[in-house]
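Undergrad: Model the structure of this input:
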Amino acid sequence: MEKVELKIVALSHSVTKSHNYAVVLGETDGDRRLPIVIGGFEAQAIAVALESMSPNRPLTHDLFKNALESFNIEIKEVIINNLLDGIFYAQLVCESIDGKDVVIDSRTSDAIALAVRFESPIYTYEFILEQAGVIIEDDKSPSKTKSVIADKPSKSKDKPYSSYSLKALNKMLEEVLEQENYEKAAKIRDEINKRESNQS
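TA: From the prediction side, this is the model:
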């Protein structure tokens, strides 16, 4: 079967299941999106890698990456290879020290978290996109992706990050990284990056 390459286009709260998140994958050469509901821990693991953060202690996926690299094993690609009863299945295609490919079954969320760390391409098959993919027609029209995946309204009464100084944001970032609150750290990092890009 011909593979379709995907890239991560969004990571957000899921409105379909409480306490869960969704990673949205998009075709590299198309306008279809593939939303996949994942757990909070896996969302955190993906966010940490996407933001290039360095936790004080290695997360499980970092540990797994370090172990594979210690034995000269690389993840060549990740394939989301099946969809059964609403559950996505994935495989890690690894290259061992002797040059042979080894295929390992994986949860899709774990596979994506490792793909980000190894900078490996993510693929799926056409039949999966036909079953679960949604099409983004244009930015102005409401899309299925936006109706399925959306940020939950914030219940926090804290001041928005935009009201803090850059110095205060950097200090806050250090504190939340020490607390290993990577979800909050990602939001603070976004605000810092936005400020720095506006200054340049």
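Undergrad: switch to C-alpha atoms for all contacts and neighbour counts from now on
TA: Fine.
Undergrad: What's the first helix or strand after the least confident helix or strand in the chain by mean pLDDT?
TA: Here the helix or strand of the chain ranked lowest by mean pLDDT, DSSP states H and E is helix 144-148, holding a mean of 36. Counting by DSSP states H and E, the next helix or strand C-terminal to helix 144-148 is helix 166-178.
Undergrad: can you tell me which helix in this protein is longest?
TA: The longest helix of the chain (DSSP state H) is helix 182-199.
Undergrad: What strand or helix carries residue 103?
TA: Applying DSSP H and E as the criterion places residue 103 in strand 101-107.
Undergrad: now do residue 117
TA: helix 108-118.
Undergrad: now stretch 59-78: mean pLDDT?
TA: The pLDDT scores in stretch 59-78 average 92.
Undergrad: got the buried residues for it?
TA: By neighbour count on 16 or more other C-alpha atoms under 10 Å, the buried set for stretch 59-78 is 61, 62, 65, 73, 74, 75, 76, 77, 78.
Undergrad: could you check the angle helix 166-178 makes with the longest helix of the chain?
TA: 150 degrees (axes from the mean of the first three to the mean of the last three C-alpha atoms, to 10 degrees).
Undergrad: hmm, back to that, which residues are in contact with the helix holding residue 117?
TA: 38, 42-43, 45-46, 49-50, 61-62, 65, 74-75, 77-78, 80, 88-92, 121-122 (C-alpha atoms under 8 Å, 6 or more residues apart in numbering).
Undergrad: Sort out for me which of those are in strands.
TA: 38, 74, 75, 77, 78, 80, 88, 89, 90, 91, 92, 122 (DSSP state E).
Undergrad: isn't residue 103 right up against residue 94?
TA: Yes - contact criterion C-alpha atoms under 8 Å: residue 103 and residue 94 qualify, at 6.1 Å.
Undergrad: residue ranges with poor pLDDT in this protein?
TA: In the predicted model of the chain, residues 14-19, 136-158, 178, 180, 182, 199-200 satisfy pLDDT under 70.
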